[in-house]
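Peer 1: all I have is the shape, not the residue letters:
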């Protein structure tokens with residue numbers, strides 16, 4: 001066999017095996033038929049095929065598309081891999097090519113047209129190749145081939161649009177912004193570019209000026225509604241129709257203005273209308289359910305006390321009778337009434353009908369309450385002097401003209417005729433405690449006083465009358481008024497010795513006072529019912545273990561406005577030990593008793609309490625009471641000024657008297673006499689200076705001058721003369737007693753001589 005023959009045989013064998021292998025690959029890897037299209041697959045001049053590849057080499061798939069479409073491909077060497085395509089329905093050849101481009105894109109490859117051939121290269125390299133460039137109008141058919149799209153913007157800034165689109169393109173794509181030309185350069189698959197262009201078209205619109213509007217709310221809360229609207233528009237990310245501007249919520253701002261309960265809205269013209277419409281829908285009155293909460297502000301009544309009354313009403317309603325059978329109660333047990341002390345208001349939980357019933361009740365109870373002005377006089381009268389306190393009143397009965405009635409009283413063990421002016425048929429007063437109603441005008445002895453103030457002025461300078469207190473108090477109807485006059489006295493409760501052998505004493509302080517408690521009740525006829533509680537506590541003796549004498553009484557009386565009630569028969573006993581002596585001589589042991597005296601004085605007193613109530617119905621009455629008291633003060637001011645001036649002279653006179661008394665005790669009669677003379681020149685009514693001056697005259701033998709001084713003391717007849725001296729260095733007797741005894745002693749000595 002020749003060399004040529006041998007070569008021909010080898011070539012035939014190669015061709016045979018090569019053709020067998022190629023046919024085998026397509027016969028096994030690709031579905032049949034491939035290129036042979038059945039006649040029924042011809043529709044409208046278009047061929048339709050079925051693609052069904054299962055893990056086929058991508059180069060075989062490229063070969064198949066090349067034969068199917070007649071396109072020439074140049075495949076990069078890095079193009080490797082297997083593909084799987086399932087298409088249960090027939091598709092056209094054009095659609096098959098778009099599937100081919102999508103398969104390449106999925107595997108990271110793309111097609112780039114280069115003249116009459118199409119290069120298949122990796123997508124990352126395709127951006128730098130001579131790819132197809134499109135203008136603003138993109139191809140109508142979505143394809144997955146890579147192209148470069150130039151987008152000319154009209155209104156928006158390229159930088160702003162670039163920021164919006166960057167998250168929407170793939171990592172291998174290119175998105176550039178050219179600000180001077182207001183242009184975007186996008187290198188991306190054609191299908192994705194079409195989506196980006198629709199977004200750009202919506203964003204690149206003419207800017208619209210925002211408007212500011214203040215929307216006043218009638219029912220809703222500005223703060224709450226602003227939160228709701230802000231949440232709605234923040235979550236609203238749907239773009240408007242092309243040409244309508246930016247996203248619906250981009251330029252909408254809503255700020256609450258709480259002071260006037262309004263919303264400040266910032267939006268463009270189209271959005272403003274929609275925002276206002278939504279606000280109008282939300283700003284509607286809420287229909288409240290049954291069991292509303294109501295607040296009633298009281299003007300006069302106390303919320304706590306009134307709430308107690310109203311809460312009892314539902315439980316105390318009478319059972320439904322036959323006439324009202326089938327009708328519901330006016331107030332159900334579900335009604336609740338609470339009191340707010342801070343605002344003095346009632347918080348009522350009730351239905352509308354029940355609240356109407358309660359509101360009517362509250363209005364009738366929440367009325368101005370009348371007040372009572374109480375004027376009292378508490379005085380202590382010497383037992384002998386008290387016999388002159390014959391007052392015109394009635395005890396245990398009533399006046400003939402009906403001006404007063406006694407409800408009750410209290411008595412002691414023995415009776416005495418303290419009160420005069422009773423009719424012959426009226427019963428005599430019981431012994432001890434007595435209570436009575438006085439007519440208009442208070443009669444004491446043969447003098448009728450118009451009011452308590454007149455009594456006070458009459459007896460204030462009487463040495464037999466001790467004015468304890470003149471309290472005045474204003475209280476509301478049915479409210480207790482308390483008056484207390486006294487002192488807080490320590491009482492020893494225990495004495496003991498501690499671990500350090502130190503003695504200690506424990507004390508308990510108790511009130512030793514006169515207490516008067518009055519509760520006035522005004523009825524519709526403008527008469528008053530007074531509930532009176534009286535307690536008188538006095539020290540019986542002093543010392544480490546003082547004892548008290550306590551007297552109490554409770555009574556109820558009915559009287560007219562401005563009438564006076566008097567309480568009498570509160571008897572007290574005071575014992576006082578007195579010692580009088582001549583200085584120095586009375587201190588001589590043994591012989592001192594010849595120059596001093598010692599006596600125990602017992603004083604019985606009777607306490608009277610006068611009470612005059614006055615009804616204060618309105619502010620005009622209160623103003624009248626205030627005006628009357630101001631007038632009294634105005635009348636007293638000049639007299640008080642004079643007393644202050646006299647008191648200054650008296651104080652200086654008393655200081656000189658005290659210095660003179662020290663000189664007298666020291667035996668310096670000459671200097672003592674000079675000081676007493678100066679004291680009398682400054683205050684001629686100074687009884688202490690006159691008394692001490694008499695002692696000086698008596699010691700130097702000038703008895704006539706001494707008698708003149710003692711008589712001057714008696715003639716002064718002031719409270720200081722009647723009261724017992726509080727100076728322990730003095731005699732302990734009253735000046736009046738000392739002066740009388742001194743006169744008797746001088747007269748006796750002169751008679752003897």
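Peer 2: Ah, there it is. Keep in mind that what you see is a predicted model, and the values were worked out from it rather than measured.
Peer 1: any idea which element residue 197 lies in?
Peer 2: helix 190-203 (DSSP states H and E).
Peer 1: for that helix, packing partners?
Peer 2: Contact partners of helix 190-203 among helices and strands, from 3 or more C-beta pairs under 8 Å, 6 or more residues apart in numbering; DSSP states H and E: strand 146-152, helix 158-165, strand 183-189. C-beta coordinates here come from the backbone N, C-alpha and C atoms, glycine included.
Peer 1: what comes up buried for the longest one?
Peer 2: To tie it back to what came earlier, the one meant is helix 158-165. Within helix 158-165, the residues that count as buried by 16 or more other C-beta atoms under 10 Å are 158, 161, 162, 165.
Peer 1: swap in stretch 743-753?
Peer 2: 743, 746.
Peer 1: so what's residue 309 up against?
Peer 2: Going by C-beta atoms under 8 Å, 6 or more residues apart in numbering, residue 309 touches residue 365.
Peer 1: average pLDDT for the helix or strand encompassing it?
Peer 2: When elements are assigned from DSSP H and E, residue 309 belongs to helix 303-316. Confidence for helix 303-316, expressed as mean pLDDT, is 82.
Peer 1: that one: what's the following helix or strand?
Peer 2: Downstream of helix 303-316, the first helix or strand assigned by DSSP H and E is strand 336-340.
Peer 1: and that next one, what other elements does it pack with?
Peer 2: Counting by 3+ C-beta pairs under 8 Å, 6+ apart, strand 336-340 packs on helix 303-316, strand 345-350.
Peer 1: the last one: what's the following helix or strand?
Peer 2: Scanning the chain past strand 345-350 towards its C-terminal end, the next helix or strand to appear is helix 352-365 (assignment: DSSP H and E).
Peer 1: which strands and helices sit next to the helix or strand just after that next one?
Peer 2: The helix or strand immediately downstream of helix 352-365 is strand 371-382, counting by DSSP H and E. Judged by 3+ C-beta pairs under 8 Å, 6+ apart, the packing partners of strand 371-382 are helix 452-459, strand 465-469, strand 472-476, strand 481-497, strand 503-522, strand 596-616.
Peer 1: so which of these is nearest residue 56?
Peer 2: The closest of these to residue 56 is strand 472-476. By C-beta to C-beta, the value is 107.8 Å.
Peer 1: hey, where'd the helices end up in the stretch 601-750 of the chain?
Peer 2: 619-665, 669-682, 687-699, 703-716, 719-722, 735-752 (DSSP state H, counting those that start in this stretch).
Peer 1: mean pLDDT and distance to residue 116 for the ones you listed - can I get that in JSON lines?
Peer 2: Output for the helices of the stretch 601-750 of the chain, formatted as JSON lines (pLDDT from 0 to 100; distance: least, C-beta to C-beta, whole Å):
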{"stretch": "helix 619-665", "mean pLDDT": "81", "distance to residue 116": "115"}
{"stretch": "helix 669-682", "mean pLDDT": "88", "distance to residue 116": "147"}
{"stretch": "helix 687-699", "mean pLDDT": "88", "distance to residue 116": "149"}
{"stretch": "helix 703-716", "mean pLDDT": "85", "distance to residue 116": "153"}
{"stretch": "helix 719-722", "mean pLDDT": "56", "distance to residue 116": "145"}
{"stretch": "helix 735-752", "mean pLDDT": "79", "distance to residue 116": "152"}
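Peer 1: ranking these by burial, who's on top?
Peer 2: Of these, the one with the most neighbours on average (mean count of other C-beta atoms under 10 Å) is helix 687-699, at a mean of 24.
Peer 1: picking that back up, between the buried residues of helix 158-165, which is nearest residue 108?
Peer 2: Comparing the buried residues of helix 158-165 against residue 108 with C-beta to C-beta picks out residue 165 as the nearest, at 22.2 Å.
Peer 1: and residue 71, what are its phi and psi?
Peer 2: phi -90, psi 150 (degrees, to the nearest 10).
Peer 1: re the thing from before, next, the angle from the helix holding residue 197 to helix 158-165.
Peer 2: Interaxial angle, helix 190-203 versus helix 158-165 (axes from the mean of the first three to the mean of the last three C-alpha atoms, to 10 degrees): 120 degrees.
Peer 1: outside of stretch 680-695, which residues touch it?
Peer 2: By C-beta under 8 Å, 6+ apart, the residues outside stretch 680-695 that reach it are 583, 646, 649-650, 652-654, 656-657, 660-661, 664, 672-673, 676-677, 679, 705-710, 712-713, 716, 718, 720-721, 735, 738-739, 742.
Peer 1: so how far is residue 698 from residue 372?
Peer 2: Note on residue 372: its distance to residue 698, by C-beta to C-beta, to the nearest Å, is 59 Å.
Peer 1: let me fix that: residue 104
Peer 2: For residue 104, the distance to residue 698 equals 150 Å [C-beta to C-beta].
Peer 1: over to residue 712?
Peer 2: Using C-beta to C-beta, one gets 14 Å for the distance from residue 712 to residue 698.
Peer 1: same thing with residue 338?
Peer 2: Counting by C-beta to C-beta, the gap from residue 338 to residue 698 is 83 Å.
Peer 1: so residue 156 makes contact with residue 199?
Peer 2: No - here residue 156 lies out of contact with residue 199, judged by C-beta atoms under 8 Å, at a distance of 11.2 Å.
Peer 1: and these two? Which one has more around it.
Peer 2: More crowded of residue 156 and residue 199, by other C-beta atoms under 10 Å: residue 156, with 18 against 14.
Peer 1: what's the helix or strand for that one?
Peer 2: For residue 156, there is no helix or strand it lies in under DSSP H and E.
Peer 1: contact partners for it?
Peer 2: Here residue 156 is in contact with 203, 204, 205 (C-beta under 8 Å, 6+ apart).
Peer 1: turn those into a markdown table, including pLDDT and distance to residue 627.
Peer 2: Shown next, in a markdown table, are those (pLDDT from 0 to 100; distance: C-beta to C-beta, whole Å):
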| residue | pLDDT | distance to residue 627 |
| --- | --- | --- |
| 203 | 77 | 84 |
| 204 | 79 | 87 |
| 205 | 74 | 82 |
